[in-house]
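Novice: below is the sequence, then the predicted model.
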Amino acid sequence: MADSTYSAGWTAPVATGPLDAHLVIPGSKSLTNRELVLSALASGPSTLHAPLIARDTELMVDALRALGTTIDTSSPDSWSIIPGEVSGNAELHAGLAGTVMRFIPPVAALADGPVTIDGDAHARKRPMATTIDALRSLGVAVVDDGRGSLPFTIHGTGLVEGGEITIDASASSQFVSGLLLAAPRFRDGLVLRHAGERLPSLPHIKMTIDTLARRGVTVTSPEPATWVVAPGEIAGADVHIEPDLSNAGPFLAAALLAGGRVTIAGWPESTTQVGDLFRTLLPRFGATVTREADGLTVDGGAGWRGGRTWPGVDLDLTEGGELAPTFAALAALATSGSRITGIGHLRGHETDRLAALVAEITGLGGRVTELDDGLAFEPAPLHGAPWRAYADHRMATTGALLGLVVPGVVVDDIATTAKTLPEFPALWGQILA
Ligand SMILES: O=C(O)C1=C[C@@H](OP(=O)(O)O)[C@@H](O)[C@H](O)C1
Ligand SMILES: C=C(OP(=O)(O)O)C(=O)O
């Protein structure tokens with residue numbers, strides 16, 4: 001998204017000393033958008049406390065409103081949602097939000113009338129064939145141009161019969177989550193099987209099952225990669241949204257680069273968010289991680305700027321691909337080679353993240369190459385240079401992170417962080433203040 005505030009680019013601030021920051025990170029995108037969908041399909045009203053207010057969740061609100069849900073967002077601290085009959089004759093915009101483009105179609109299939117879904121230019125390149133094929137297997141007519149991507153029109157009849165289907169969710173766990181979220185509203189429920197090369201982001205599927213369970217819907221998994229949802233009501237709920245732990249990642253990693261301490265308030269004791277992996281993985285780079293009443297603290301000691309180094313890592317991020325851009329920054333600064341694997345499907349994320357990370361880290365003088373399913377790094381001194389974000393919030397934050405210790409990194413579009421964290425530039429300024 002263009003923002004005239006940073007029209008000449010955003011020069012990433014260089015850390016001038018160790019950090020001592022305490023931050024409140026806004027709500028989880030993944031939880032907010034799941035709870036919005038479930039609230040829209042529920043049998044009674046819901047309230048979401050501390051929802052994420054960002055482009056992805058606003059797009060979800062707009063889409064659900066267009067499909068007949070009443071959502072009051074006038075209070076930023078709590079949104080109230082009153083479900084309505086799912087209505088058609090709507091044209092929806094998914095932006096670049098994977099959760100909107102994969103979660104909304106199964107909801108739109110419940111409408112009696114056509115629903116067209118489109119998105120940003122790059123959204124038209126993100127894989128959607130699995131959603132389209134799944135709806136067709138469920139007996140729902142979908143008209144598209146045969147490319148397996150946005151835009152397409154779903155012609156619902158007011159009833160989805162449901163039943164047994166097999167899909168290939170190798171390209172995104174969101175195909176599974178989208179179908180599971182709407183499945184209780186299918187006449188016969190759903191037996192969903194995944195058959196494919198791999199299944200990324202399992203914690204996100206667990207999150208889907210967990211959010212359904214809290215609303216009285218049981219999802220069973222009689223065997224791996226098979227899920228069974230019985231038809232039934234989804235209960236209205238009063239839900240507190242956890243802080244977005246994936247968005248917390250760059251701030252925590254900043255303590256390793258700049259040195260000092262960063263505390264994130266309200267880190268949950270237990271969570272389905274994959275961002276919790278920062279707690280267990282950052283010690284591999286030499287961080288000390290502690291959890292106290294006021295939150296989770298990462299202590300980076302003297303930090304990279306103060307002369308601390310870390311060896312390369314071999315990280316399989318099959319479970320948490322969305323964390324890869326942050327770990328890529330740490331790998332680019334390691335003293336020996338690193339591999340981050342299990343992330344081939346990131347080629348279908350906001351941008352082709354493997355190509356983007358290779359291009360931008362190479363532009364800073366780094367040595368990184370693409371593997372079939374990931375990235376390989378070799379140590380190399382880095383220097384300042386322009387850094388392109390490709391409309392990808394996590395590319396933008398990775399540029400900011402490297403810029404803490406590499407003077408002269410200029411991110412072309414820091415405002416693209418508005419996808420999930422509009423406050424990013426302000427919060428980054430806050431940890432450096
Ligand atoms: O369901 C979700 O909320 C998400 C699932 C993951 O998608 P993929 O499985 O496509 O990586 C993750 O990367 C994305 O940021 C959010
Ligand atoms: C992959 C991501 O987003 P989306 O929900 O658009 O797939 C992400 O946030 O890293």
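Specialist: Here it is on my side, so go on. Ligands and ions are numbered 1, 2, ... in the order given.
Novice: C-alpha from now on. contacts and neighbour counts both.
Specialist: OK.
Novice: and the strands in the stretch 1-150 of the chain?
Specialist: With strands called from DSSP state E, counting those that start in this stretch, the stretch 1-150 of the chain shows them at 10-11, 19-23, 46-49, 70-72, 78-82, 90-93, 112-118, 141-144.
Novice: residues touching the nearest residue to Asp294 once chain neighbours are set aside, list them.
Specialist: Excluding the flanking residues, the one nearest Asp294 by Cα to Cα, 6 or more residues apart in numbering is Ala265, at 5.8 Å. Each residue near Ala265 by Cα atoms under 8 Å, 6 or more residues apart in numbering is listed here: 22-25, 294-296.
Novice: what's the neighbour count on Met207?
Specialist: 19 (other Cα atoms under 10 Å).
Novice: and it, that's in a helix?
Specialist: Yes: remark: Met207 belongs to a helix, assigned using DSSP: H, G, I helix; E, B strand; the rest coil.
Novice: how close does it get to Leu181?
Specialist: 11 Å (Cα to Cα, to the nearest Å).
Novice: what residues does the stretch 51-200 of the chain put near ligand 1?
Specialist: The stretch 51-200 of the chain has residues 99, 172-174, 200 near ligand 1, with proximity defined as Cα under 6 Å from any ligand atom.
Novice: now the contacts of Ala265 in TSV, with pLDDT?
Specialist: Listed next are the contacts of Ala265 as TSV, based on pLDDT from 0 to 100:
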residue	pLDDT
His22	97
Leu23	98
Val24	98
Ile25	98
Asp294	88
Gly295	96
Leu296	98
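Novice: just the residues of the stretch 51-200 of the chain next to ligand 1 now: which is nearest Gly342?
Specialist: Nearest to Gly342 out of those is Pro200 (Cα to Cα; 7.8 Å).
Novice: that closest one reaches Ser172, doesn't it?
Specialist: Yes: here Pro200 reaches Ser172: they are 6.3 Å apart, a contact under Cα atoms under 8 Å.
Novice: hey, what's in contact with both of the two?
Specialist: His345.
Novice: need the residues of the stretch 301-433 of the chain near ligand 2, please.
Specialist: So the stretch 301-433 of the chain meets ligand 2 at 322, 349-350 (Cα under 6 Å from any ligand atom).
Novice: the closest residue to ligand 2 within the stretch 301-433 of the chain: what's it in contact with?
Specialist: In the stretch 301-433 of the chain, the residue that lies nearest ligand 2 is Glu322 (4.1 Å; Cα to the nearest ligand atom). Residues counted as contacts of Glu322 (Cα under 8 Å, 6+ apart) are Ser246.
Novice: mind pulling up the pLDDT for it?
Specialist: Glu322 is assigned 98 on the pLDDT scale.
Novice: from Ser201, how far out is it?
Specialist: Counting by Cα to Cα - Glu322 and Ser201 are separated by 9 Å.
Novice: same thing with Thr57?
Specialist: 20 Å.
Novice: between the two, which has more neighbouring residues?
Specialist: Comparing Thr57 with Ser201 by other Cα under 10 Å, the one with more neighbours is Thr57, at 25 against 20.
Novice: what mean pLDDT does stretch 418-433 get?
Specialist: Stretch 418-433 comes out at a mean pLDDT of 98.
Novice: got it, and stretch 160-172?
Specialist: 98.
Novice: what residues does the stretch 151-300 of the chain have near ligand 2?
Specialist: Counting by Cα under 6 Å from any ligand atom, no residue of the stretch 151-300 of the chain is near ligand 2.
Novice: at 8 Å instead, please
Specialist: For the stretch 151-300 of the chain, the contact set with ligand 2 under Cα under 8 Å from any ligand atom comprises Gln174.
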